[in-house]
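> Test case, fold it:
(chains A and B)
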Amino acid sequence: MIEAIARRLSDQNSLISGYIRRNQMQRAHQLFDEMPLRNVVSWNAIMSGQTDPHQLHQLFLQMKRAGESPNQYTFSTLISGLLNRLQYVSLVPQLHGLVIHSGLRSDVFVASALMRGYTRLGDREGLRRVFDDVPIKDVSTWNALVVGYMDLGFTVDARIAFDKMPEVNIISWTTLFNGYIKNRDIDQARSIFNKMTQKNVVSWTAMIKGYVRYEKYVDAIDTFVAMLESGTHPNHFTFSTLLDACAGSSMFLFGKQLHSCILKSGMCREVVLLTSLIDMYTKCGEIEVGLHIFESMEKKNTVSWNSIIGGCARHGLAKRALCEFEKMTESGVEPDDVTYVNLLSACVHGGLVEEGERHFRSMGVRYGIQAAMKHYTCMVDLYGKAGAVDKAERLVKEMPFEPDVGVWGALLAACGLHSCYEVGEFAANGIEKLARRNPGVYSMLTKLHGEKGAWSRAIETRNKMIEISAKKQKAGSRIELVI
DNA sequence: GTAGGGTTAG
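This next block holds a predicted model:
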């Protein structure tokens, strides 16, 4: 009898995890809710399918209330699942306490999750403490230490840890050189990459992305060619990285070639790839193609909407951008901070001051998105370009943080555009404090002084410019690369 | 029967 009950419970647990593997969350939950008896495995299984940190935390609390004791599976699932939302990362030290209390600190899975948690918290000592507490470390524990040190900027410690590792795998190597990429040392990264005896699609893609990140597009493509020559097949991560390179350097022909490769490869339904394609086309001047791909997408998420709103904004289609935003919210996709940057820059391009003001006001109220510096920059730009320099100035003065070069620059540009001498000096002083001897500032000030007829000031500024041998930046163009 | 490292889009 007892055996029969146990078998039934175990079968139901298997079913739950089966549903989760096939992404049938509703079915999993329905079964979980209907189960007359649950054990720790049932809770762990249902928790593993929960991607929302809030819901996950609630499940954990319910589990405790139901009298079930969490085990190592519970903690590793819970901690990992909480890491993608900042407010829940702060629970990591408390959970660490519970882990120690439950006698589970020597479990390598739990330790890895905790180490990633402390890394997120920027807590180097916490990271090290968890690592040191594991008596028998496996290669993943060591890798977590290397990635932690790298993410916190301690490249030397990361290297020491790597050299001490009893065994390394391809993931350790990739973690190491990718750590150097994150810390802006692309040459060191490449030298380690060259030492790898085995490379796979992940390591190749990471190296290519490293070059793209630092705008070394020729190196990125050379590396891609080397990857193909080595017989490694690109996956959707690789393609999306390459499309990013095309978008960043207007390599339209190469971008189109990639598009046809993607179509042939059968990966063309991936949301990330389609979004990369939209971005590539709109940044290469092909807004119509971008819109066409966007319309044809079955599933759209926040990033895909952002890319089309941004694309419309860049192409001066302000009304269309606003219209897409309406469609986005109607379809139930939540906007984020980037959505609003794109939306507000659409308003800047279209001179839509009232719409911009309305959206700027509502982002916090409706969606709880706090206006950041970049949003203020858009608003200053919006007012400035539309000739409301007084409003732009007021906004700069009322901002909840110290303006950065971008904000001051937008204000100064507005003053140049509308010949506002006093505010121009105010903005120039602001920039001067942050970035001394900025040639653009002197150039603009000279213009403003001249317009006002303050010739002695104009000459004074001009001389300052010569003194630091500031020259207006030369315009340049990039020649399209075709392979 | 339940869990973990390295690559992706705005």
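> quick one: A:Asp138 and A:Met165, what's the gap?
A:Asp138 is 11 Å from A:Met165, where distance means CB to CB, to the nearest Å. C-beta: built from backbone N, CA, C; applies to glycine.
> do the same with A:Arg105
21 Å.
> Could you do A:Phe75 as well?
Taken as CB to CB, the spacing of A:Phe75 relative to A:Met165 amounts to 25 Å.
> okay, these two: which has more neighbours?
A count of neighbours by other CB atoms under 10 Å puts A:Phe75 above the other of A:Phe75 and A:Met165, at 25 against 17.
> How about the secondary structure of the more buried one?
In terms of secondary structure, A:Phe75 is helix; the call rests on DSSP: H, G, I helix; E, B strand; the rest coil.
> dump the residue contacts of it.
By CB atoms under 8 Å, 6 or more residues apart in numbering, the residues touching A:Phe75 are A:Leu95, A:Leu98, A:Val99, A:Ser102, A:Leu104, A:Asp107, A:Val110, A:Ala113.
> And those residues, which two are furthest apart?
Of all pairs drawn from the contacts of A:Phe75, the one with the longest distance (CB to CB) is A:Ser102 and A:Ala113, at 14.0 Å.
> who's more crowded, these two?
The neighbour comparison of A:Ser102 against A:Ala113 (other CB under 10 Å) goes to A:Ala113, with 26 against 16.
> Contact partners for the nearest residue to that one once chain neighbours are set aside?
Computed as CB to CB, 6 or more residues apart in numbering, the closest residue to A:Ala113 that is not its neighbour in sequence is A:Ile79, at 3.8 Å. Residues touching A:Ile79, when contacts are defined by CB under 8 Å, 6+ apart, comprise A:Val92, A:Leu95, A:Val110, A:Ala113, A:Leu114, A:Arg116, A:Gly117.
> What score does the nearest residue to the first one once chain neighbours are set aside have for pLDDT?
This means A:Val92. Spatial nearest neighbour of A:Val92, chain neighbours left out: A:Gly117 (3.6 Å); criterion: CB to CB, 6+ apart. Here the pLDDT value assigned to A:Gly117 is 97.
> again, but for A:Ser307
Among the per-residue scores, A:Ser307 holds a pLDDT of 97.
> since we're on it, how many residues are nearby?
As a burial measure, A:Ser307 scores 27 neighbours (other CB under 10 Å).
> then the helix or strand it falls within to PDB, C-alphas only?
For A:Ser307, the enclosing helix or strand under DSSP states H and E is helix A:302-314. What follows is helix A:302-314, C-alpha atoms only, in PDB (Å, rounded to 0.1, in the frame of the first residue of the first chain):
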ATOM      1  CA  THR A 302      10.300  43.900 -25.600                       C
ATOM      2  CA  VAL A 303      13.600  43.900 -27.400                       C
ATOM      3  CA  SER A 304      12.000  43.300 -30.800                       C
ATOM      4  CA  TRP A 305       9.500  46.100 -30.300                       C
ATOM      5  CA  ASN A 306      12.400  48.300 -29.100                       C
ATOM      6  CA  SER A 307      14.400  47.600 -32.200                       C
ATOM      7  CA  ILE A 308      11.600  48.600 -34.600                       C
ATOM      8  CA  ILE A 309      10.700  51.700 -32.500                       C
ATOM      9  CA  GLY A 310      14.400  52.700 -32.600                       C
ATOM     10  CA  GLY A 311      14.600  51.900 -36.300                       C
ATOM     11  CA  CYS A 312      11.600  54.200 -37.000                       C
ATOM     12  CA  ALA A 313      13.100  56.900 -34.800                       C
ATOM     13  CA  ARG A 314      16.400  56.800 -36.700                       C
END
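> List the buried residues of it.
Buried residues in helix A:302-314, counted by 16 or more other CB atoms under 10 Å: A:Val303, A:Ser304, A:Trp305, A:Asn306, A:Ser307, A:Ile308, A:Ile309, A:Gly310, A:Gly311, A:Cys312, A:Ala313, A:Arg314.
> now stretch A:328-338
Taking 16+ other CB under 10 Å as the basis for neighbour counts, the residues of stretch A:328-338 that come out buried are A:Met328, A:Val333, A:Pro335, A:Val338.
> For A:Val202, state which of those is nearest.
A:Val338 (26.3 Å).
> mind checking how far the closest one is from DNA strand B?
Using CB to the nearest atom of the strand, to the nearest Å, one obtains 3 Å as the distance from A:Val338 to DNA strand B.
> per-residue pLDDT, that residue?
Predicted confidence (pLDDT) for A:Val338: 95.
> moving C-terminal of whichever helix or strand it is part of, what's the next helix or strand?
In this assignment (DSSP H and E), A:Val338 forms part of helix A:337-350. Where DSSP H and E defines the elements, the next helix or strand beyond helix A:337-350 is helix A:353-367.
> residues making contact with that next one?
With CB under 8 Å, 6+ apart as the criterion, helix A:353-367 contacts A:322, A:325, A:334-336, A:340, A:343-344, A:347-348, A:369-371, A:375, A:378-379, A:382-383, A:386, A:388.
> Restricting to those residues, which residues neighbour DNA strand B?
The overlap between these and the neighbourhood of DNA strand B (criterion: CB under 7 Å from any atom of the strand) consists of A:Asp336.
> Can you go through the contacts of helix A:353-367 and name the buried ones?
Neighbour-count burial (16+ other CB under 10 Å) is assigned, among the contacts of helix A:353-367, to A:322, A:325, A:335, A:340, A:343-344, A:347-348, A:369, A:371, A:375, A:378-379, A:382-383, A:386, A:388.
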